[in-house]
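Trainee: Have a look; sequence and predicted model below, questions after that.
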Amino acid sequence: MNDAPAVVERSAEAGGLYGLLAELPDVPALLQGAEQIRDAGYRRWDAFAPFAVHGLNSAMGLKRSRLPWLVLGGGLTGTAAALLLQWWTNAVDYPFLISGKPLFGLPAAIPVAFELTILFAAFAAFFGMFGLNGLPRLHHPLFHSDRFRRVTTDRFFIAIEASDPQFNETETRRLLEEIGSVHIEEVRA
Amino acid sequence: MSAAAVPAAVLDNTWDDPTRRAPLVVGENDFATVTDTVAGIIERPRPPRAWYVAFTAALGGTLVLFAMVAYLLWTGIGVWGVMVPVGWGFAIVNFVFWVGIGHAGTLISAILFLLRQKWRTSINRFAEAMTIFAVICAGLFPAIHVGRAWFAYWLFPIPNQMKMWPNFRSPLLWDVFAVSTYATVSLLFWYMGMVPDLATLRDRAKTKLRFYIYGVLSLGWRGSNRHWQRFETAYLLLAALATPLVLSVHSVVSFDFAVSIIPGWHSTIFPPYFVAGAIFSGFAMVVTLVIPARQLFGLKEIITVRHLENMAKIMLATGMMVAFSYATEFFLAWYSGNPYEGFTFLNRAFGPYAWAFWIMFSCNVLIPQLLWFKRLRKNLLILWVISIFVNVGMWFERFVIVVSSLSRDFLPSSWGYFKPTAVDLLTLAGSFGLFLTLFLLFLRFLPMVGMAEVRSVMPQAHLDIGEHLGEGDYHGEILHQHEDLFVEGDGEVTP
């Protein structure tokens, strides 16, 4: 895929400045560039890559995600729901004796409790991840950029938003040039 | 940045020398060519002719399945061969078989992920898709086996006008929860992993229809690293959740048997024995499907011979576990001193179902021994044939377990002989049709290789600095250790 593919035209309507989008040549440049942006004190910015680049989280200075806590909460909810369900349906609301088994016994309740723990935790991981990421969304200002389409194939980008308190069109552009960007463009909101 | 120690165009990556890390993608490939290869399969105007041939056959099978199910619902369970004493016939055999097939997908996507087996990236999407379609086939059988299928919803704790609830003290109900949780979690895991690849298809779309369909399916994914961070966390958590889940599913399936008192079923070895068998049969199915698929769609540089050899090794290992389980069952039948147990196992090997037992034994124990030889593992035709034998053998294993134990239990006066009817056989054949139909649609419309994950294991994805090549995961540390190695500005790395 050497020349730009004839892809579907996207809406070119644009408003005010969203930010500056810089393209980096490869993984080392992206990691090094991210460290410099981080050290320059920017806060509303992001790096973009076609896969999860190892080392980029610390290069960007990202804190650990709080997703694991959501998943733990989901899992515990599942356990509690399963135990309550089994106890209430079989021992309270509709008690019936079968094979002389107790109406509610913990050992027999474990398999379903285990399964619902996993189920609820998995829901928490899936919906929590997309929720915290602000997805799904149908559009984003960066999608105005034609070059940015290659971000899901083989290109690396750094975008600094105009809403960052430190953002200054000339200064920020100079910083992006310094980190070795091969192309810099303005993105309209 | 060069890939230093690994020559660019390695084609055979099956060496055993542990000091030379084998590349996971061979040939001269970079991020763009891998994307072109995988996305190209979906974007080409027409699939290969063989796809149409296979799809027509599979669709025919699906129609046979639907016809058989309609006939069954219209007429009743009597169209099957099930009769006292064998009340669990093909439906349960097929159910256990198909659930087992699914296990390889989860093993590859979750357990190998936790064990940092990076070769999984080329085959995990493929195997996960197989899991989902196998579980769909599996779920069909208990639903139609309940007799009055329109009451199948009684299996779920849904408030109803009868003020009744299902019996949670029965393993059959545990099974409902295990299999439905397994289906749901597998689907979430599969879809989540696919979102970045769907975004690739959206960004390459050349028609409006593709752009909108893949655009909606990819949920607005834009490769943001803040997103990747949570994505990776969620992926790790789902892998950690799916690992005990997959082990629990076939354990719970085995409880359906082990919790009863039928000789040959009432045994504590069942959960591990079933799980090993499930992984064994699942890997066989992956190999059966992946060998033709990589050939047909030109994926030989991404799904390499080394990948297939690794799968062959797992088949050999799990096949040996299955063989060991057979031996243990026979030993305990004798050692327990229980006459019914002893009779059951002699009856399996030499009774009226001896033919099924020896098919099972040859396919699952004898034939996989060929996999000890590297030359045979690397010969894809032989590997493919072995995998088919294993598929057959594992189906017969379930047949032997279900049918031979039920046909002759405690009282000789209640013995019987189960014979499948044409409807039984056509339903089994039709379930393969449904499985393959779904699978062929997947190959045509969704990315069959996890492109984002394959990119992340390619040499270009890392800071390959001289002797550090192939050191494994770089979680950021190397950047700080080697800051002096960076030449300011141009991103080049010099040792």
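Mentor: Here it is on my side, so go on.
Trainee: list the helices and strands whichever strand or helix holds B:Leu236 packs on?
Mentor: Using DSSP states H and E, B:Leu236 maps to helix B:225-258. With contacts defined as 3 or more CB pairs under 8 Å, 6 or more residues apart in numbering or on different chains; DSSP states H and E, helix B:225-258 has these neighbours: strand A:45-48, helix A:56-60, helix A:67-87, helix A:106-132, helix B:90-106, helix B:112-114, helix B:171-203, helix B:270-296. Quick note: C-beta positions are derived from backbone N, CA and C, even for glycine.
Trainee: where in chain B is pLDDT low?
Mentor: Residues of chain B meeting the criterion pLDDT under 70: B:1-10, B:463-495.
Trainee: What about residue 182, how many residues nearby?
Mentor: Picked chain A for this. When neighbours are defined as other CB atoms under 10 Å in any protein chain shown, A:Val182 has 14 of them.
Trainee: Hmm, no, I was thinking of chain B.
Mentor: Residues lying near B:Tyr182 (other CB under 10 Å) number 30.
Trainee: Now do the contacts for it.
Mentor: Counting by CB atoms under 8 Å, 6 or more residues apart in numbering or on different chains, B:Tyr182 touches B:99, B:102, B:106, B:135, B:245-246, B:249.
Trainee: cool, and A:Gln86?
Mentor: A:Gln86 touches A:104, A:109, A:112-113, B:168, counting by CB under 8 Å, 6+ apart.
Trainee: switch the cut-off to 6 Å
Mentor: A:109, B:168 (CB atoms under 6 Å, 6 or more residues apart in numbering or on different chains).
Trainee: what does the one 4 residues further on give?
Mentor: For A:Asn90, the contact set (CB under 6 Å, 6+ apart) comprises A:103, B:168.
Trainee: The helix holding B:Leu236: how far from the chain's middle?
Mentor: 14 Å (CA atoms, centre = their mean, to the nearest Å).
Trainee: quick one: that helix to helix A:106-132, angle?
Mentor: For helix B:225-258 against helix A:106-132, the angle by axes from the mean of the first three to the mean of the last three CA atoms, to 10 degrees is 160 degrees.
Trainee: what about residue 77, how many neighbours?
Mentor: Let's take chain A. By other CB under 10 Å, neighbour count at A:Thr77 equals 16.
Trainee: I was after chain B.
Mentor: Around B:Ile77 there are 18 residues (other CB under 10 Å).
Trainee: Does it touch B:Arg148 like I think?
Mentor: No - counting by CB atoms under 6 Å, B:Arg148 is not a contact partner of B:Ile77; they are 9.1 Å apart.
Trainee: And the helix holding B:Leu236, what's buried?
Mentor: Residues of helix B:225-258 classed as buried under the neighbour-count rule (16 or more other CB atoms under 10 Å in any protein chain shown) are B:225-243, B:245-258.
Trainee: ditto for stretch B:257-271
Mentor: For stretch B:257-271, the neighbour count (16+ other CB under 10 Å) marks B:257-259, B:262-267, B:270-271 as buried.
Trainee: Among the residues you listed, which one sits closest to chain A?
Mentor: Comparing those against chain A with CB to the nearest CB places B:Val259 closest, at 9.7 Å.
Trainee: and the closest one, what is it in contact with?
Mentor: B:Pro171.
Trainee: How is chain A partitioned into domains?
Mentor: A:17-57+A:141-188, A:67-132 (automatic domain parsing).
Trainee: Worst mean pLDDT among those?
Mentor: In terms of mean pLDDT, the lowest-scoring of the domains of chain A is domain A:17-57+A:141-188 (a mean of 92).
Trainee: now for that one, what's the gap between its first and last residues?
Mentor: 4 Å (CA to CA, to the nearest Å).
Trainee: What of stretch B:34-53?
Mentor: Terminal-residue distance, stretch B:34-53 (CA to CA): 27 Å.
Trainee: chain center to that stretch, what's the gap?
Mentor: 23 Å.
Trainee: buried ones in that stretch?
Mentor: For stretch B:34-53, burial by neighbour count (16+ other CB under 10 Å) applies to B:34-39, B:41-42, B:47, B:51.
Trainee: Next, see if it gets close to chain A.
Mentor: Yes - applying CB under 6 Å from any CB of the partner chain, one finds stretch B:34-53 in contact with chain A at B:35-36.
Trainee: who touches that stretch?
Mentor: A:1, A:153, B:201, B:204, B:296-297, B:444, B:447, B:449, B:451, B:454.
Trainee: Relative to B:Thr56, which of those is nearest.
Mentor: When the contacts of stretch B:34-53 are compared for distance to B:Thr56 (CB to CB), B:Arg444 wins out at 13.4 Å.
Trainee: Around chain A, which positions in the stretch 151-300 of chain B sit nearby?
Mentor: So far as CB under 6 Å from any CB goes, the stretch 151-300 of chain B lies against chain A at B:157, B:164-165, B:168-169, B:174, B:177-178, B:181, B:185, B:188, B:192, B:199-200, B:203, B:205, B:208, B:211, B:219-220, B:222-230, B:232-234, B:237-238, B:241, B:245, B:252.
Trainee: Run through the residues of the stretch 301-450 of chain B sitting next to chain A.
Mentor: Checking the stretch 301-450 of chain B against chain A by CB under 6 Å from any CB, there are no hits.
Trainee: Could you pull up phi and psi at B:Gly298?
Mentor: Dihedral angles of B:Gly298 (phi, psi; degrees, to the nearest 10) stand at phi 60, psi 50.
Trainee: distance of it from B:Thr33?
Mentor: 11 Å (CB to CB, to the nearest Å).
Trainee: Which of those two has more residues huddled nearby?
Mentor: B:Thr33 (17 against 13).
Trainee: what's the neighbour count on the residue nearest to B:Phe255 when sequence neighbours are not counted?
Mentor: Ranked by CB to CB, 6 or more residues apart in numbering or on different chains and with sequence neighbours excluded, the top spatial neighbour of B:Phe255 is B:Pro171, at 4.0 Å. Residues contacting B:Pro171 under the criterion other CB under 10 Å number 18.
Trainee: show me the residues around B:Pro171 that make contact.
Mentor: So B:Pro171 contacts B:255-256, B:259 (CB under 6 Å, 6+ apart).
Trainee: burial measure for whichever residue of chain A sits closest to chain B, as a count.
Mentor: Across chain A, the shortest distance to chain B (CB to the nearest CB) belongs to A:Ala29, at 3.0 Å. Using other CB under 10 Å, A:Ala29 has 24 neighbouring residues.
Trainee: Is it correct that it is in contact with A:Ser181?
Mentor: No - A:Ala29 is beyond contact range of A:Ser181, at 8.4 Å (criterion: CB under 6 Å).
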